[in-house]
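Visitor: my questions concern the predicted model and sequence given below.
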Amino acid sequence: MIRLTLPTLSALLHAYMGWRLLPALPGSLAVSTAILLLLSAWLVPQGLGQRGHGSAHRGLTIAGLVAMGWMSSLLVLTLLRDLLLGLATAGHALGWWALNTATLATGSAGTVLSGALALTLWGAWQARRIPPVVTVDVPIAGLPAGLQGFTIAQISDIHVGPTIRRPQLQAMVDAVNALQADAVAITGDLVDGSVAQLAEHVAPLADLKARHGAFFVTGNHEYYSGGSDWVAEVERLGVRVLMNEHVTLQHQGSPLVLAGVADYTAHHFEPSHRSDPQAALAGAPAQAGAKVLLAHQPRSALAAAAAGFDLQLSGHTHGGQFWPWGWFVPLQQPFVAGLHRVQQMWIYVSRGTGYWGPPKRVGAPSEITLLRLVAA
């Protein structure tokens, strides 16, 4: 019986693609494609398993992550090709149309290869560029005049790690500072690695500037490499961590409550970090003009709405990151991206400012979000 380890799964998926594509390709192209598939089959587990940050390990990790991005597109396009070939062959057999099945098989195999390469290159450019700013107006019932136009710059899911380093984060920080927002919200999954590995690369967070400061809540990835360590490091950089608690910001004579909760799954790693929107709002002034919650996962929305928040800012989903994987986000999360209504509360789900895993975004561009509170 085959044990379905990561290397085994990678080998099986690459073997399937080779089985479906190689016989339809001309000799030299078939040989070069076979070599690429063998190399990719070995590299993909390295990208997911090594997670190294030293020069040698990091190089292997990056190569594996790039291979995973290419493989994902190649697999999807191979599956689509098989579906279309099956339909075309069935139509030919039924006499609905006449076609040269050998020519169709060869041409479509070449299209799959070129398409996977194009999607990988396009996705890499989308992922590595400075994220564009997305401006979102959020209508709040009863918003006092003093909070009209209050702005929050949200960054999320940066995933500083093997492929996102200090220069990329510095560029994001500079772009956020240029917005001159009233507050900055970092909604989790800042890192993929430990403080010892990545402290140098998250240092630009100390440069964040906003009228009322910068605030952070943990995401699930912080807990994979020491959640409490990252809480301490982010606080050392001058960013306020909101751990099931709130602050009251006095803005132009009106109070705004800004609260934050630990990640939805934090208690599995550190029981004292159990996410609790109700506790985050405890003791907040009843006359607050708006109550905003930072919560990494959209799954916190129902509890946040029940607690009485007006707006929740989340991330986690990456908007799917690259097609068609966004279709599977609703299996775990209620929303993929954008502004949504939950009972009497709004939730905005960022597509993320960085990316996880492969340096690739297709159909789900990254973003720096500027949210503006307006009277409903």
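Guide: Yep, that arrived.

Visitor: what about the strands in the chain?
Guide: For the chain, the strands defined by DSSP state E occupy 133-140, 151-155, 183-187, 214-217, 240-241, 245-251, 254-260, 290-294, 311-314, 338-342, 345-349, 368-375.

Visitor: which segments of this protein make up each domain?
Guide: The record's domain split for the chain, according to automatic domain parsing, is 6-128, 133-375.

Visitor: now render the ones you listed as JSON lines, adding mean neighbour count.
Guide: All C-beta atoms are positioned from the backbone trio N, CA, C, and that covers glycine. Output for these, formatted as JSON lines (neighbours: other CB atoms under 10 Å):
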{"stretch": "domain 6-128", "mean neighbour count": "16"}
{"stretch": "domain 133-375", "mean neighbour count": "20"}
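
Visitor: how about the residue nearest to the spatial centre of the chain, nearest residue that isn't a chain neighbour?
Guide: Compute the mean C-alpha point of the chain, and by CA atoms, centre = their mean the closest residue is His318, 2.9 Å away. Counting by CB to CB, 6 or more residues apart in numbering, Gly352 is the residue found nearest to His318 once chain neighbours are left out, at 4.4 Å.

Visitor: also Leu113?
Guide: Spatial nearest neighbour of Leu113, chain neighbours left out: Thr33 (6.5 Å); criterion: CB to CB, 6+ apart.

Visitor: just the mean pLDDT for the longest helix along the chain, thanks.
Guide: Scanning the chain for the helix with the most residues, using DSSP state H, yields helix 55-93. Averaged across helix 55-93, pLDDT comes to 91.

Visitor: show me where the stretch 101-250 of the chain has helices.
Guide: 101-128, 166-178, 195-202, 227-236 (DSSP state H, counting those that start in this stretch).

Visitor: just the angle between the second one and strand 183-187, please?
Guide: In other words, helix 166-178. Inter-element angle recorded for helix 166-178 and strand 183-187: 140 degrees (by axes from the mean of the first three to the mean of the last three CA atoms, to 10 degrees).

Visitor: how much does helix 166-178 deviate in direction from helix 195-202?
Guide: Using the same axes, to 10 degrees, the direction of helix 166-178 lies 50 degrees away from that of helix 195-202.

Visitor: angle of helix 166-178 against strand 133-140?
Guide: 50 degrees.

Visitor: do the first one as well
Guide: Computed with the same axes, to 10 degrees, the direction of helix 101-128 lies at 70 degrees from that of strand 133-140.

Visitor: follow-up on the earlier one: roughly how far apart are the residue nearest to the centre of the chain and Glu367?
Guide: 10 Å (CB to CB, to the nearest Å).
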